[in-house]
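Trainee: after the sequence you'll find the predicted model.
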Amino acid sequence: MHTRISTVALDADDTLWRNEILFALSQDRFVDLLKSYHDEGWIRARLNETEMKNLEIFGYEVKGFVLSMIETAIELTEGRIRGEELQVLIQSGKEMLRAPIEPLPQVRETLSVLAASYRLVVIPKGDLLDQESKIARSGLGMHFQHIEVLSKRDVISYRRLLDRLGIAPGEFLMVGNSLRSDILPVLDLGGWAVHVPYKGSWAHEDVEPEVLAGYDFPVIAHLGGLPEILADLDQLLILLSADGGGVTAIQDVPPIDEELVDLRLIPVEQVLGDGRVRVRNPVQDRVLESPNRILGVARRSHGNRIDDL
């Protein structure tokens, strides 16, 4: 039985507010500092290698990034970098931690709308002190019933969180810009996910095309498109509800978009008019792999997929 979404969770950095731009600006400053020693491409590549190596030690945070810059600078200069130059990197990190937090377009309005119907949870990734400070400075904290800062977001982390909050995966929808951290783990867990791409996201969060080919999910240009997605999902979950048999009995449901029926984007067995349909049970008959696949295709068919923001 497909149940209604009760909880909507959101990533924070580059979903609710801009963040990656701060790292990009600091990297530019780092390159300028070391350009007399090596070319730009080599400097950036070595910094990225150091960051990846240190993730398990420092985690996803500004302080770990600064330490990786310092380590890389010492290695690339063979220890010749001066104390005042290292101070530039430290100061860059402080500026990142103190940077103003300005919500992205339509974030405030959308959270206000969603808070009236859903349990809202924010799940930042990174340093606890840093993320709590960002949430406080953003002025968005009032909308969330729960705040959970995770050092890593994978299937195990999400499962533990849902168990602790008493939420079934089928009632949980995650929204974020990272395919690796926000979207795929939640789908693997049996939940729902909506992708909000952000231009210039960290390369570490990219997913190989062959892996991504096994998933479908809604894609929206900004958070303002989320209420419509949730409304569509509520309607589809009604259509996909089953009584345990291969084909459900006739159900009274809200009128559905005939375009969706014509495109076979929902497993409709028979359209009877007046909003009544006979629906095949996708779990028993495996008509489609998942309701999330249906919604993902439907969203993209309406032109909401974005390839370059």
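Mentor: Okay, I see it. What you see is a predicted model; the values in this text were computed from it and never measured.

Trainee: count of residues packed around residue 29?
Mentor: Residue 29: 14 surrounding residues under other C-beta atoms under 10 Å. Using the backbone N, CA and C atoms, a C-beta is placed for each residue, glycine as well.

Trainee: repeat that for the one 10 residues further on.
Mentor: Here the count is done by other C-beta under 10 Å, and residue 39 has 11 residues near it.

Trainee: how near is it to residue 75?
Mentor: 16 Å (C-beta to C-beta, to the nearest Å).

Trainee: and the spatially most central residue of the chain, what does it touch?
Mentor: The chain has residue 176 as the residue nearest its centroid, 1.8 Å off, counting by C-alpha atoms, centre = their mean. Neighbour list for residue 176: 10, 11, 15, 182, 183, 193, 195, 196 [criterion: C-beta atoms under 8 Å, 6 or more residues apart in numbering].

Trainee: again, 7 Å this time
Mentor: 10, 11, 15, 182, 183, 196 (C-beta atoms under 7 Å, 6 or more residues apart in numbering).

Trainee: before we move on, what's the pLDDT of it?
Mentor: pLDDT, residue 176: 94.

Trainee: not counting sequence-adjacent ones, nearest residue to it?
Mentor: residue 182 (2.7 Å; C-beta to C-beta, 6 or more residues apart in numbering).

Trainee: so that neighbour touches residue 174, yeah?
Mentor: Yes: counting by C-beta atoms under 7 Å, residue 182 touches residue 174, with 5.6 Å between them.

Trainee: gap between the residue nearest to residue 176 and residue 153?
Mentor: Taking C-beta to C-beta, one finds residue 182 at 7 Å from residue 153.

Trainee: hang on, residue 215 in a helix?
Mentor: No: under DSSP: H, G, I helix; E, B strand; the rest coil, residue 215 sits outside any helix and is assigned coil.

Trainee: contacting residues for it?
Mentor: Residue 215 neighbours (C-beta under 7 Å, 6+ apart): 184, 187.

Trainee: what's residue 60 sitting at in phi/psi?
Mentor: Backbone torsions of residue 60, given as degrees, to the nearest 10, read phi -100, psi 90.

Trainee: which stretches of the stretch 51-200 of the chain have low pLDDT?
Mentor: Along the stretch 51-200 of the chain, segments meeting pLDDT under 70 span 200.

Trainee: could you pull out the helices in it for me?
Mentor: 62-76, 83-98, 107-115, 128-138, 155-165, 184-189 (DSSP state H, counting those that start in this stretch).

Trainee: quick one: closest of those helices to residue 220.
Mentor: For residue 220, the closest of those is helix 107-115, at 10.3 Å, according to C-beta to C-beta.

Trainee: and that closest one, what does it pack onto?
Mentor: helix 226-240 (3 or more C-beta pairs under 7 Å, 6 or more residues apart in numbering; DSSP states H and E).

Trainee: now with 6 Å, please.
Mentor: Judged by 3 or more C-beta pairs under 6 Å, 6 or more residues apart in numbering; DSSP states H and E, helix 107-115 has no packing partners among the helices and strands.
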